[in-house]
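> Next one to model:
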Amino acid sequence: MNYPEKVGTRLRYNFGNLREVLELPNLIEVQRNSYHWFLQEGLKEVFHDISPIQDFTGNLILEFLDYSLGENKYSVEECKERDVTYAAPLRVKVRLINKETGEVKEQEVFMGDFPLMTGKGTFIINGAERVIVSQLVRSPGVYFNGNVDDPSGKKLYTATIIPNRGAWLEFETDVNDHVFVRIDRTRKIPVTVLVRALGYGSKASVAGLFNENKYILETLNRDNTDSEEEALVEIYKRLRPGEPPTVESARSLLKSLFFDAKRYDLANVGRYKIEKKLKHGILHRRDPAADHQEPNGSNETGGREVKRDYIRELTKQDIIETIRYLLGLMDGEGSVDDIDHLGNRRLRSVGELLQNQFRIGLSRMERVVRERMTIQDVDVITPQVLINIRPVVAAIKEFFGSSQLSQFMDQTNPLAELTHKRRLSALGPGGLSRERAGFEVRDVHNSHYGRMCPIETPEGPNIGLIGSLSTYAQISPFGFIETPYRRVDKEHRRVTDEINFLTADEEEGKVIAQANAPLDDNSYFMGNRINARAPEIVVVPPEQVDYMDVSPKQVFSIATALIPFLEHDDANRALMGANMQRQAVPLLKAQAPLVGTGIELKAACDSGVVVLAKNPGTVERVTANNIEVRTDDGDIDRYKLLKFSRSNQGTCINQRPIVRHGERVTTGQPIADGPSPSQSELALGRNILVAFMTWEGYNYEDAILISEKLVKEDVFTSIHIEEYECDARDTKLGPEEITRDIPNVSEDVLKDLDERGIIRIGAEV
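Numbers count the residues shown, from 1 in each chain. Below is the predicted model:
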């Protein structure tokens with residue numbers, strides 16, 4: 001079953017048995033959507049969280065009202081040339097209220113230049129192109145775990161409430177069935193002490209709260225406190241040893257640790273995960289107006305929005321329900337969690353990482369503002385005087401310049417760029433470290449299916465800690481990775497064209513058929529036995545199938561999906577192949593592969609090296625440097641092509657027009673090739689004749705013999721560009737000068753220098 005198909009400007013033959021149900025998404029939307037969310041929502045949230053700032057008397061109030069980004073000073077190309085950052089000025093409207101006099105001052109304050117994302121999903125920092133890698137971290141929420149105690153053989157359980165920021169709360173059981181709690185990694189205390197401190201002072205009220213549970217009654221016998229006050233003092237002694245404990249200070253400490261939104265934040269995703277596990281109905285504030293909080297969805301990484309006001313600090317009910325669930329586990333009810341499941345790991349993309357940095361900068365600034373409010377004269381004070389933008393600018397600069405997740409972009413070829421932007425890392429601040437990461441974290445998990453590639457990962461110490469997003473995967477509003485499935489109409493045994501994106505949690509318990517399950521022309525299942533997974537491989541009748549895969553390549557990443565006949569390869573060698581394609585240097589004469597997999601065009605276009613037409617129109621003028629297209633509206637779109645510029649890795653970036661004068665173009669049509677694509681299809685190598693044989697031992701192991709023709713005809717020639725700088729400085733002994741007048745050096749050595757002592761253009765060195 002082969003049929004001709006137009007790919008770019010070429011006619012190719014498709015030998016696939018399956019029709020494509022779903023277009024591939026934009027391959028760098030992970031980066032772009034996340035940054036867009038940050039500019040629209042993320043910044044708003046941070047300003048909302050920090051506002052208002054009050055002085056210690058409560059007389060002066062500083063509020064952040066609105067913000068705007070100005071125009072960028074230089075274009076992307078100019079920034080690279082001048083070694084500056086591609087950024088736009090961030091201006092914030094600030095209001096200062098003096099309660100005593102009732103005076104209100106409003107001002108627009110400049111908050112530093114904010115780095116902008118280019119259209120390719122990268123940042124230009126000091127002239128170098130950088131990528132912010134998405135980070136896979138444990139999602140905030142409540143986790144239950146069970147381990148067998150070695151000597152006694154008894155199963156012990158733990159429960160941990162992990163916030164986005166704030167103190168951890170860990171519950172654990174021991175061999176004698178007592179339940180203990182650790183507050184913020186301190187020594188453990190009986191859990192009943194914490195329950196009493198929450199307002200259930202008497203023994204009877206604690207026992208009644210848990211229906212006279214035998215484990216709680218046992219624990220009460222270990223508890224030396226008798227009232228709420230004693231319990232509070234006991235906790236205070238553990239958290240602040242050496243300070244004189246009072247009931248009031250203990251109460252305020254406990255409140256600020258867990259129940260204060262400024263100090264403790266579960267984030268919307270944490271609240272959602274807790275509600276999902278404990279099902280106790282605490283999710284949103286009952287009256288959103290009560291908090292004057294704009295409804296928003298935090299930790300949003302996708303395009304869709306969560307417009308609700310979540311309770312983002314802990315509640316007493318959360319703690320009590322967690323203890324109840326733990327007691328249930330001891331009696332064999334409920335289930336423990338798998339922390340390597342992708343339902344419990346979420347993605348922090350650019351937007352959220354930036355938001356966290358910005359929050360750190362603003363909270364440092366808040367301290368300075370409070371101090372200045374106290375020191376300076378109240379009558380002459382203005383918002384501009386109060387605000388010191390240094391901490392904010394420094395936090396952002398530090399993140400882009402030296403964070404482990406802000407990386408110098410791998411620009412060897414377009415695939416390397418694309419893969420770098422789709423990379424998922426478990427390392428970095430708040431993540432794992434190479435040394436501590438065990439085998440389980442690195443392993444392929446069944447929840448990776450369609451979300452994270454099981455093949456593409458580095459071979460060294462980072463194996464399994466760095467992965468790549470699968471081809472069709474998207475990021476949900478809460479930061480979980482979703483993969484698409486076709487919904488099955490169970491009644492009629494028919495596969496619909498309705499596409500549902502499911503997170504790893506939502507996929508649990510569903511029966512999912514493979515993409516190649518045999519269907520007739522009307523999308524009805526053929527036969528009565530369908531291969532499916534649930535999550536083990538099962539054979540089921542069609543009426544039990546819930547969903548069907550959209551494509552066989554949805555399991556793999558872009559680099560892996562570029563390998564033809566992947567199913568015949570050993571996984572270890574496929575891993576090496578996927579990684580080594582990224583190391584291919586762009587050739588002088590690119591040549592598209594004879595046998596492709598059908599995503600070469602998409603990979604090249606989305607990587608950003610191919611120039612795409614913005615609007616439909618007719619090509620008016622084509623030169624090696626410029627393309628002009630007269631659009632259907634009568635305007636002229638001008639496209640400037642990059643000529644022989646140096647990439648981050650020293651390879652040559654050169655764009656060539658692939659349209660002719662008078663040609664009609666449509667929106668999104670490739671009009672110029674970059675390095676590596678040939679007719680806008682990714683072309684990383686050449687189609688050459690290979691003999692598979694031995695030759696006098698010259699091709700032993702990984703050595704190869706090549707013909708003279710390959711060298712003479714520049715088949716594998718590539719251009720590399722190196723840049724050398726020489727500074728002439730003013731020193732104490734006078735200014736240095738660049739000259740060809742070097743003592744004791746023969747004229748023969750200096751033959752390629754001009755009269756200024758600089759190498760002449762065209763000299764071979």
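> can you give me the end-to-end distance of stretch 181-197?
Using Cα to Cα, to the nearest Å, the end-to-end distance of stretch 181-197 comes to 13 Å.
> How about stretch 509-528?
One end of stretch 509-528 sits 21 Å from the other (Cα to Cα).
> same thing with stretch 204-214?
End-to-end distance of stretch 204-214: 13 Å, with Cα to Cα as the criterion.
> And that stretch, what's buried?
206-207, 209-210, 213 (16 or more other Cβ atoms under 10 Å). C-beta here means a position set from N, CA and C on the backbone, and glycine is covered the same way.
> Return the subset of the residues you listed lying in helices.
206-207, 209 (DSSP state H).
> got a markdown table for those, with pLDDT and distance to L733 too?
Converted to a markdown table, these look like this (pLDDT from 0 to 100; distance: Cβ to Cβ, whole Å):
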| residue | pLDDT | distance to L733 |
| --- | --- | --- |
| V206 | 89 | 82 |
| A207 | 89 | 86 |
| L209 | 88 | 82 |
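> Let me know the closest of those residues to I719.
Of all these, L209 has the smallest distance to I719: 74.5 Å, by Cβ to Cβ.
> how about the lengthiest helix in the chain: buried residues?
Secondary structure of the chain per DSSP H: the longest helix is helix 350-375. By neighbour count on 16+ other Cβ under 10 Å, the buried set for helix 350-375 is 350-363, 365, 369-370, 372-373.
> So which elements touch that helix?
helix 29-37, helix 43-50, strand 53-54, strand 60-69, strand 128-132, helix 383-386, helix 390-402 (3 or more Cβ pairs under 8 Å, 6 or more residues apart in numbering; DSSP states H and E).
> and the fourth one, which strands flank it?
The pairing partners recorded for strand 60-69 under DSSP bridges are strand 53-54 (antiparallel), strand 87-98 (antiparallel).
> Just the buried residues of the helix or strand just after the last one, please?
Just to be clear, that refers to strand 87-98. Downstream of strand 87-98, the first helix or strand assigned by DSSP states H and E is strand 103-115. Across strand 103-115, burial judged by 16+ other Cβ under 10 Å covers 109, 111-115.
> how's the protein carved up into domains?
The chain is divided into the following domains under automatic domain parsing: 29-135+348-409, 140-342, 585-712, 724-765.
> count of residues packed around the closest residue to G509 other than its chain neighbours?
Setting aside the residues directly before and after it, G509 is nearest to A534 in space (Cβ to Cβ, 6 or more residues apart in numbering), at 7.5 Å. For A534, the count of nearby residues is 16 (other Cβ atoms under 10 Å).
> A534 contacts V511, correct?
Yes - at 4.5 Å, A534 counts as touching V511 under the criterion of Cβ atoms under 8 Å.
> Next, show the common contact partners of these two.
Taking Cβ atoms under 8 Å, 6 or more residues apart in numbering as the contact rule, A534 and V511 both touch V540.
> quick check, R12 in a strand?
Yes - counting by DSSP: H, G, I helix; E, B strand; the rest coil, one finds R12 located in a strand.
> Is it in contact with A592, as I believe?
No - with contact defined as Cβ under 8 Å, R12 does not reach A592; the gap is 9.2 Å.
> Against K709, how distant is Q649?
28 Å (Cβ to Cβ, to the nearest Å).
> Those two: which has the busier surroundings?
Q649 (15 against 9).
> who are the neighbours in contact with that one?
Each residue near Q649 by Cβ under 8 Å, 6+ apart is listed here: 410-412.
> one more time with 10 Å
Going by Cβ atoms under 10 Å, 6 or more residues apart in numbering, Q649 touches 408-413, 416, 583, 585, 720.
> could those residues go into TSV alongside distance to F525 and neighbour count?
Listed next are those as TSV, based on distance: Cβ to Cβ, whole Å; neighbours: other Cβ atoms under 10 Å:
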residue	distance to F525	neighbour count
F408	50	13
M409	46	20
D410	44	20
Q411	47	22
T412	45	23
N413	42	30
A416	41	23
Q583	44	13
V585	48	19
H720	55	12
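> could the residues you listed be laid out in CSV, adding secondary structure?
Formatted as CSV, the contacts of Q649 follow (three-state DSSP):
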residue, secondary structure
F408, strand
M409, coil
D410, coil
Q411, coil
T412, coil
N413, coil
A416, helix
Q583, helix
V585, coil
H720, strand
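> one step back: ok, R12 and A592, which is more surrounded?
A592 (23 against 19).
> just checking, that one touches A603?
No - look at A592 against A603 with Cβ atoms under 10 Å: they stay out of range, at 12.0 Å.
> quick one: common contacting residues for the two?
In contact with both A592 and A603: 677, 681-682, using Cβ under 10 Å, 6+ apart.
> Looking at these, which one is closest to T158?
Of those, the one sitting nearest to T158 (Cβ to Cβ) turns out to be L682, at 48.6 Å.
> Enumerate the beta-bridge partners assigned to the closest one.
Here L682, judged by DSSP bridges, has bridge partners P677.
> which ones are touching it?
Contacts for L682 were tallied using Cβ under 10 Å, 6+ apart; they are 413-415, 418, 558, 562, 581, 584, 590, 592-593, 596, 599-605, 607, 609-610, 676.
> Could you tell me which of those are located in helices?
414-415, 418, 558, 600-605, 607.
> so can I have a markdown table of these showing neighbour count, distance to S51 and pLDDT?
Shown next, in a markdown table, are the ones in helices among the contacts of L682 (neighbours: other Cβ atoms under 10 Å; distance: Cβ to Cβ, whole Å; pLDDT from 0 to 100):
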| residue | neighbour count | distance to S51 | pLDDT |
| --- | --- | --- | --- |
| P414 | 26 | 44 | 95 |
| L415 | 25 | 45 | 96 |
| L418 | 28 | 39 | 96 |
| I558 | 27 | 42 | 97 |
| E600 | 24 | 50 | 94 |
| L601 | 22 | 48 | 94 |
| K602 | 22 | 44 | 94 |
| A603 | 25 | 44 | 95 |
| A604 | 28 | 46 | 94 |
| C605 | 23 | 43 | 94 |
| S607 | 27 | 40 | 93 |
